[in-house]
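Enquirer: the sequence and its predicted three-dimensional model are supplied below.
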Amino acid sequence: MVDVGYDKHFRVNHGKNEFALEGQIHINGIESFWSFTKRRLKKFNGVKKNFEIHLKECEFRWRKSNETMYNILNQRLKKYLK
């Protein structure tokens, strides 16, 4: 985590009914993202090469989950083909 810009990594103790640190983002968000990512990458029987690129694609799809990929790509292509 430090390598990608986080100074500290905090842990929560689910056994003590902790699921987020005070004032922090709830742990379910990251668990939900990883669940989505694992399901997506499972289609490819895992990823051995270019994992970072596949992970970034999953992040992109996760953030744009309410929009269809067709609309997003169509908008981007119109922008760059002008």
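Expert: Received, thanks.
Enquirer: quick one, helices of the protein?
Expert: 28-42, 51-63, 69-80 (DSSP state H).
Enquirer: can you give me the buried ones in the longest one?
Expert: By neighbour count, with 16 or more other Cβ atoms under 10 Å as the criterion, the buried positions of helix 28-42 are 37, 40-41. In this view, the C-beta of every residue, glycine as well, is placed from N, C-alpha and C.
Enquirer: summarise which helices and strands that helix is packed against.
Expert: helix 51-63 (3 or more Cβ pairs under 8 Å, 6 or more residues apart in numbering; DSSP states H and E).
Enquirer: report pLDDT for residue 7.
Expert: Predicted confidence (pLDDT) for residue 7: 65.
Enquirer: pLDDT below threshold where in the protein?
Expert: 1-14, 16-28, 65-66 (pLDDT under 70).
Enquirer: among the helices of the chain, which is nearest residue 15?
Expert: helix 28-42 (16.2 Å; Cβ to Cβ).
Enquirer: returning to that earlier point: now render the helices of the chain as CSV, adding distance to residue 15.
Expert: Shown next, in CSV, are the helices of the chain (distance: least, Cβ to Cβ, whole Å):
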stretch, distance to residue 15
helix 28-42, 16
helix 51-63, 28
helix 69-80, 40
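Enquirer: nearest to residue 29 among the buried residues of helix 28-42?
Expert: Closest to residue 29, out of all of the buried residues of helix 28-42 and judged by Cβ to Cβ, is residue 37, at 12.7 Å.
Enquirer: that closest one: what's it in contact with?
Expert: Taking Cβ atoms under 8 Å, 6 or more residues apart in numbering, we find residue 37 in contact with 55, 58, 62.
Enquirer: which of these tops the neighbour count?
Expert: Most neighbours among the contacts of residue 37, by other Cβ atoms under 10 Å: residue 58, with 18 neighbours.
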